[in-house]
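**Student:** Provided below are the primary sequence and the corresponding predicted coordinates.
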Amino acid sequence: MTAPPVAELEEAVVLTGGFPVLAGVTLRLEPATLTVIVGANGAGKTSLLRLLGGLDPLSRGRGVVAGVDLAHGDRRVLRRRVGWLGHEGSFYDDLSVEENLHFACRALNRPFTDVAPALARVGLAERSRTTTRRLSAGQRRRLALAWLLVRRPEIWLLDEPYASLDDAGRALLDELLVDVVAAGATVVASAHDPLRTTQTRRTLTLAGGRVVAAS
Amino acid sequence: MKLLAQRLLGPVTLVSMALTIWLGLVVTPPDKVQGNLARLVYVHPAVAWVALYLSFGTATIASVLYLWPRTRSATADRVAHSAMEVSLVFIALTLITGSIWGRPTWGVWWAWDARLTSTAILGLLAVGYLALRRANDDPELRAKRSAVFAVLSAINVPIIHFSVLWWKTLHQGATVFTANRTLLIHGIMAWTLLISFVAFSLAYCWLLRARYRLEVARETLGARAIDDALAARVLEGRS
Amino acid sequence: MIATARLVAGKDLRIEWRSRVLLWQVVPFGVMALVLSGLALGPTRAGHSSAGPGLFYLVVLLVTLLAINRSQAIERTPGTRASVATLGLDPGGVFLGKALALAVELWVIGAVLLAGTVLFLHTALSGSLEAVPSLVLTLAALAAAGTLYGALTGEGAAPTTLLPVLALPGFAPLLIAGERSFSAALAGGSPWEWWVITLVALVAYLAVGVLLYGVLEES
C-alpha cells in the first residue's frame, strides 16, 4: 500500500489582483521527498510555494495539501503544519536572534532548550543576543533555518534557500535537507539554477504559471 | 411576477416621484410660519429615512450575511457595496436639504445640531467603506474587510448618535437651536408626506438595482479579462 | 487565547522597548502638537482656555493613529507575516495581545501628554488627575478600536493614509466622551453618560475583535 500524497493539485489557478500568477498547475508530491522547482523570474515559483503552504487562496481548480482542501478547507490548519523560508527574512527585526526563536517556541509549546542546539547547528550560537536587524543577509538565512529546526514542520517550503548563503552555508543546507527528508518531512524548494545537492530529487520546471517539464 | 415587478419598478418610481413633486409644490399649502420652505418636509425626512435606515440597513444586513460562512456569497458583497454607495448619495442629499432647511432658522449653513453632526459622521463612515474597497484589489480580501468594516460601522451608529446627542444636550447654557421644527400635518399634507416616503424608497430600490447590475456587468467583464490573462499566461510558458 | 494574548503583547512591548520608536518619535510629536495647539489659540487664550481638554484629546487621537501604524508595521514585512502565519496563533488572542500592548503604550504616552496639558494649556492639576480614570478607559477603547482598524488597512494600498479615514469617525464618540469627562472633572463632576459611551464602545470593539480578527487575518 502506498502512502497518500502530501499534496495534490489539479489545474490550480491563483489570481493576484486579477493576474494569474499560477495558470493551471497539476502536480503530486509524495511524502519524504525533495522537490525542486526551477524557472525564470515571474514563472510562479513563490506563488506555488505560497499556495502549498495555505498562505494564498486557490482561485480555480482543485488542491489538497496535508489532507486540507485548499478551496473549502481551513487553511489555518494547513499553515500550522508547514515551515516557510521566504527571501525577505522571517522574523521581528527589533528582537534578538534568541528572542525570535523563543517567540516561536512559546507559540508552538516547545521547550526553550530546543533553541541552543538549533542555533549551534546553523552556526549562530555566538550571535544569539544580536538584534536581528544587525545580521547580514546570509546570517538571516541561517536564522530562518534555525527557526525551521525549532518548528520541525511536516512540509518545508523553501523559497530560494541558497540565495545569499556562502559555501559553508550551502553545504550546511544540503546536509540539513538530507536529514529532514530522512526524518520523513516533505521538502519543496525553489531555485533559479539546479541544486548542487547530490540527494535524490524531483525537478519541476515552471513557466508561465504552469509546470512545463518534470524530471 | 418577479420580472413584472422589475419592469414596473422604474415607471412606478417616476410616477410616484412626479406625484410627490406635484402634491408637494402645487397642491399643498405653504406653512404659516416657514412659508414655502416647509415644503422640504416632503423631501428631507424621506431622503433621511432612505439614507440612514433603508440603505445603511441593507448594507449592514448584507455584510452580516457575507460574514456568516453559511450565507457567504458574492451577491451579498455586491448588495452591500451597492447599498453603501447609494447610502452615501442619500446622506449627502440629507445633509444638503437639512442645511437648506436650517439656514433661515440657524442663520448659518452648518450648525452643531445633533442629527446633522451624527449624519455627517455617518457619511464619513460610508466614505471610509468605499475607500477601503478601493484600496484592496483581491475580491475575497476586499469583500471580507469591507464586511467587517460595515459591521463595525453599524455598531458605531448608535454610539455616535447618543454621544453627539448628549454632547449637544448635556451642557449648561442656552441651546442654540430652540425653534420648533415640527409642523402641523394633516389631510393632504399627510398624504403627500406618505407618498414622498414611498417615492424615495422606490427610487432607492431602483438605484440599488441599477448599481447592482452594473457591478455584475463589471464582474463579467473582469472574469473575461481573467480568462484572457490566463490564456496569455499559458502562452508565455510555451514560448 | 489568553496565552497567545500574553505572548503577543509581550512581544510587541519588547519590540517597543528595544526600538523606542514611540518614545523618540511619537511622544515628541504629541508634545509638539500640544505646543502648536497653544500657538493656534493665540497669545491671549493659550494659557487659560476651556479648550484644554478638547485639544488634549485631539492630540491623543493623532498620536493614537501613529501608534496604530507602528503596531501594524511590526507585522507587515512579508516574510514576517508568512512565518508568523505558519505558527497558527489563535486570532482572537493575537487581537487581544496587540490591543493590550497598544493600550499600555497609549497609557504611557497619555500620561506624558496629560502632564504637557497641565504645563502648556494650564488645566488645573487636581482636576486633571481626577480625569485619569476616564482617560485610562478611553485609551483602552482607542487601543481596541485601533487594533481592528489597523488590521483592516493591512496589505491594501497605502495603509497609513487609509487608517485615519477608517478610524476617525469611529473615534469621534470616544473623543466626545473623553473631552466631556475631562471637562467635568475640571468642574468637579463626573457624569455617568460618558462612562457608558466609552464602556459600550470598549466592549463592542473587544467582542468584534475576538470574533472577527480571524476573518481579517486569514485573507
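**Tutor:** Now that the structure is in, tell me what you want to look at. Residues are numbered from 1 along each chain as shown, chains lettered A, B, ... in the order given.
**Student:** which residues are contacting the least confident helix or strand in chain C by mean pLDDT?
**Tutor:** Across the helices and strands of chain C, mean pLDDT, DSSP states H and E gives its lowest value to helix C:78-85, namely a mean of 80. If you take Cβ atoms under 8 Å, 6 or more residues apart in numbering or on different chains as the criterion, helix C:78-85 is touched by A:50, A:53, A:55, A:79, A:84, A:86-92, A:144, A:147, C:74-75, C:217. The way it works is simple: take the backbone N, C-alpha and C, and place the C-beta from them, glycine included.
**Student:** buried set for the helix or strand following it?
**Tutor:** Per DSSP states H and E, the first helix or strand lying C-terminal to helix C:78-85 is helix C:91-120. By neighbour count on 16 or more other Cβ atoms under 10 Å in any protein chain shown, the buried set for helix C:91-120 is C:91-106, C:109-110, C:112-114, C:116-118, C:120.
**Student:** Tell me the residues of chain B that contact chain C?
**Tutor:** Contact residues (Cβ under 8 Å from any Cβ of the partner chain) of chain B with chain C: B:67, B:121-122, B:124-125, B:127-128, B:131-132, B:134-138, B:140-141, B:144-145, B:147-149, B:151-153, B:155-156, B:159-160, B:162-164, B:166-167, B:170.
**Student:** List the buried residues in stretch A:171-186.
**Tutor:** Within stretch A:171-186, the residues that qualify as buried are A:L172, A:L173, A:L176, A:L177, A:V180, A:V181, A:A185, A:T186, counting by 16+ other Cβ under 10 Å.
**Student:** Could you check which helix or strand contains the first one?
**Tutor:** With elements taken from DSSP H and E, the one containing A:L172 is helix A:167-182.
**Student:** That helix - contacts with which helices or strands?
**Tutor:** helix A:115-122, helix A:137-151, strand A:186-191 (3 or more Cβ pairs under 8 Å, 6 or more residues apart in numbering or on different chains; DSSP states H and E).
**Student:** tell me the mean pLDDT over stretch C:193-212?
**Tutor:** Mean per-residue pLDDT for stretch C:193-212: 94.
**Student:** where does chain C dip in pLDDT?
**Tutor:** C:78, C:218-219 (pLDDT under 70).
**Student:** Close to chain B: what parts of it are there?
**Tutor:** C:148, C:152-153, C:155-159, C:162, C:165-166, C:168-170, C:172-173, C:176-177, C:180, C:191, C:193-194, C:197, C:200-201, C:204-205, C:208, C:212, C:215-216, C:219.
**Student:** Among those, name the buried ones.
**Tutor:** Buried among these (16+ other Cβ under 10 Å): C:148, C:152-153, C:155-156, C:159, C:162, C:165-166, C:168-170, C:172-173, C:176-177, C:180, C:193-194, C:197, C:200-201, C:204-205, C:208, C:212, C:215-216, C:219.
**Student:** Verify the contact between A:A12 and A:G24 for me.
**Tutor:** Yes. Assessed by Cβ atoms under 8 Å, A:A12 is found in contact with A:G24 at 6.9 Å.
**Student:** Bridged to the residue nearest to the spatial centre of chain A, which residues?
**Tutor:** Central residue of chain A (Cα atoms, centre = their mean): A:L157, 1.5 Å from the mean position. A:L157 forms beta bridges with A:W84, A:V188, as assigned by DSSP bridges.
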